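Novice: model the following, please.
(one chain, ligands or ions: 1)
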Amino acid sequence: MIASSKPWKLLFVSTPVGPLGTGLGGGVELTLYNIAQHMLNRGHQLQVVAPAGSTWEHIPIVQIPGNSQTFAQTQERDTPIMMPENSLLANMWEYARQVQNEYDLIVNFAYDWLPLYLTPFFSVPIAHFISMGSLSDALDQILLPVAKHFPRTVGFYTHSQAATFPGLTPPIYYLSSGIDLDLYDFCPQPKQQFAWIGRISPEKGLEDAVALSQKTNIPLKIMGKLQDESYWQRICREYSHAPMEYMGFLSTTEMQKIVRECRALLMTHRWVEAFGNVAIEALACGVPVISYRRGGPAEIVRDGETGFLVVPDSIPGLVEAVSRLDEISRHQCRQQAETEFSLEALGDRFEKWFGEILEFGVRSSEFGMRSEE
Ligand code: HBI
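Specialist: So this is what the prediction gives:
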């Protein structure tokens, strides 16, 4: 517990890709919700600025209208930064600009160019939580100077995610993630089935999990936002005999009812997954994780103890891991979630980060290089 001297006034500005509660915001939506809940529980004052249509209870949200930002992960590295007319992102940050002096700290959860560019124009410190690996040259080129001239204000989920941004200067904050463990029920005796959870989009590599399911004839329960319809149709055509079932985008409560009864969660992502919240949700149910050794999940799964890390993109590697599943203790999976990924542990990490930003002060006297502390 970091005893902060007095309650902070925090303004959280959300991801602009869709209203909170729709799943469009992916893992960062869960992170934002958990940190918001935690800061309120710790007695801080908090306001969330989010797209109109956000449906969270008991968290104060200012609903902002406007047109969503394009998903950054669907763009090329050299795609120019695009702002639609009546930009939701610009509207959210115009609101933040107007109210900034009512707050001690603004926290940005968007993976977008604008909030980073705006940083020196604000008189209140902005903490930037970066929720994906490097995807765009334009974003990298605005992130690095902000990280350098406003030390401590940029935070990531994991080391492998941060490492995709070349030239970051220490101190770098790795916040990992966390979940409300009370929402996940341990299951000692699973059914003969696998789970795959995530936005159904090419970077998530669903086809490999489906190929494994077809090869082993073990049913696959698929959950998550159906983001890319043509990608999903291609998988259905190519693997028409796979014993797979798409369950839709489910609430945490509904999702864990299915995951907990699975022998393993499969993580077959093509990209450097920044974290992989679904991995700790599975561990919390006692479900081992079989994941490609790539990105965040490679820093979560204890290979051979709470799951297996597989050579990336190797379906034979997935098959071999499945054959060894009985070596894994489901109790040890739950235990790891309790030790490393509780809301308490997550809240402490974020509170420490915010405290150090407020304590050390981050504004460079001029937008020039600051001598490192
Ligand atoms: N794309 N432009 C943009 N902005 C975001 O904040 C964003 C995104 N794509 C995905 C995403 N956020 C989240 O789903 C991940 O960060 C988890």
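Novice: pLDDT below threshold where in the protein?
Specialist: 1-5, 362-373 (pLDDT under 70).
Novice: residue in it with the shortest distance to the ligand?
Specialist: Nearest residue of the chain to the ligand (Cβ to the nearest ligand atom) works out as Gly26 at 2.5 Å. Glycine gets a C-beta too; all of them are placed from N, C-alpha and C.
Novice: count the residues that sit near the nearest residue to that residue once chain neighbours are set aside.
Specialist: Leaving aside its chain neighbours, Gly26 sits nearest to Arg199 (5.6 Å; criterion: Cβ to Cβ, 6 or more residues apart in numbering). In terms of burial, Arg199 registers 20 neighbours under the definition other Cβ atoms under 10 Å.
Novice: what of Gly43?
Specialist: Applying the criterion other Cβ under 10 Å, we find 10 residues in the vicinity of Gly43.
Novice: right, and the residue nearest to Gly26 touches Val28 too?
Specialist: No - under the criterion of Cβ atoms under 8 Å, Arg199 is not in contact with Val28, lying 11.6 Å apart.
Novice: one step back: for the residue of the chain closest to the ligand, grab the count of nearby residues.
Specialist: For Gly26, the neighbour count with other Cβ under 10 Å is 25.
Novice: enumerate the residues of the stretch 51-200 of the chain near the ligand.
Specialist: Where proximity means Cβ under 6 Å from any ligand atom, the interface of the stretch 51-200 of the chain facing the ligand comprises Gln69, Phe71, Ala72, Gln73, Ala110, Tyr111, Asp112, Ser131, Met132.
Novice: return the member of those residues nearest to Met244.
Specialist: Of all those, the one sitting nearest Met244 is Gln73; the distance, using Cβ to Cβ, is 23.3 Å.
Novice: doesn't that closest one lie inside a helix?
Specialist: Yes - the assignment for Gln73, made by DSSP: H, G, I helix; E, B strand; the rest coil, places it in a helix.
Novice: residues touching the residue lying closest to it once chain neighbours are set aside, list them.
Specialist: In space, not counting the residues next to it along the chain, Gln73 is nearest to Glu203; the distance is 5.5 Å by Cβ to Cβ, 6+ apart. Applying Cβ atoms under 8 Å, 6 or more residues apart in numbering, we find Glu203 in contact with Gln73, His269, Arg270, Trp271.
Novice: touching, the second one and Gly198? I think so.
Specialist: When you say that, I think you mean His269. Yes - at 7.4 Å, His269 and Gly198 qualify as touching, with contact defined as Cβ under 8 Å.
Novice: list residues touching both of the two?
Specialist: With contacts taken as Cβ under 8 Å, 6+ apart, the residues that reach both His269 and Gly198 are Lys204.
Novice: neighbour count for these two, which is higher?
Specialist: A side-by-side neighbour count of His269 and Gly198, using other Cβ under 10 Å, places Gly198 first with 25 against 21.
Novice: pretty sure the more buried one sits against Gln227.
Specialist: No - here Gly198 does not reach Gln227: they are 9.3 Å apart, not a contact under Cβ under 8 Å.
Novice: please, where are all the helices along the stretch 251-373 of the chain?
Specialist: Listed from the start of the chain, the stretch 251-373 of the chain has helices (DSSP state H, counting those that start in this stretch) covering 252-259, 277-284, 297-300, 315-323, 330-340, 343-360.
Novice: deepest-packed of the ones you listed, please.
Specialist: Stretch with highest mean neighbour count among the helices of the stretch 251-373 of the chain: helix 277-284 (a mean of 28; mean count of other Cβ atoms under 10 Å).
Novice: against Met82, how distant is Cys262?
Specialist: Taken as Cβ to Cβ, to the nearest Å, the spacing of Cys262 relative to Met82 amounts to 39 Å.
Novice: who has more neighbours out of these two?
Specialist: Legend: neighbour count by other Cβ under 10 Å for Cys262 and Met82, higher for Cys262 (25 against 10).
Novice: that one contacts Gln193, correct?
Specialist: Yes - with contact defined as Cβ under 8 Å, Cys262 counts as touching Gln193 (5.3 Å).
Novice: shared neighbours, these two?
Specialist: Counting by Cβ under 8 Å, 6+ apart, the common neighbours of Cys262 and Gln193 are Lys221.
Novice: how about Val99, nearest residue that isn't a chain neighbour?
Specialist: The shortest distance from Val99 to any residue that is not its chain neighbour, by Cβ to Cβ, 6+ apart, is 6.9 Å, and that residue is Leu11.
Novice: mind giving me the packing neighbours of the strand or helix carrying that neighbour?
Specialist: Element membership of Leu11, judged by DSSP states H and E, is strand 9-13. For strand 9-13, the contact count by 3 or more Cβ pairs under 8 Å, 6 or more residues apart in numbering; DSSP states H and E identifies helix 26-41, strand 45-51, helix 88-99, strand 105-108 as packing neighbours.
Novice: tell me the most buried of the ones you listed?
Specialist: Highest mean neighbour count among the helices and strands packed on strand 9-13 (mean count of other Cβ under 10 Å): strand 105-108, with a mean of 24.
Novice: now that one - C-alpha only, CSV.
Specialist: What follows is strand 105-108, C-alpha atoms only, in CSV (Å, rounded to 0.1, in the frame of the first residue of the first chain):
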residue,chain,number,x,y,z
LEU,A,105,-2.8,14.1,-12.9
ILE,A,106,-4.2,13.2,-16.3
VAL,A,107,-3.8,9.5,-17.4
ASN,A,108,-3.9,8.7,-21.1
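Novice: run through who's touching it.
Specialist: Residues contacting strand 105-108 (Cβ under 8 Å, 6+ apart): 8-13, 35, 96, 100, 115-116, 122, 124-129, 354, 357-358.
Novice: could you chop the protein up by domain?
Specialist: Domains of the chain are assigned by automatic domain parsing as 9-178+343-360, 181-340.
Novice: count the residues that sit near the closest residue to Lys148 other than its chain neighbours.
Specialist: Nearest in space to Lys148, with sequence neighbours left out and distances taken as Cβ to Cβ, 6+ apart, is Thr169 at 5.4 Å. Using other Cβ under 10 Å, the number of residues around Thr169 comes to 13.
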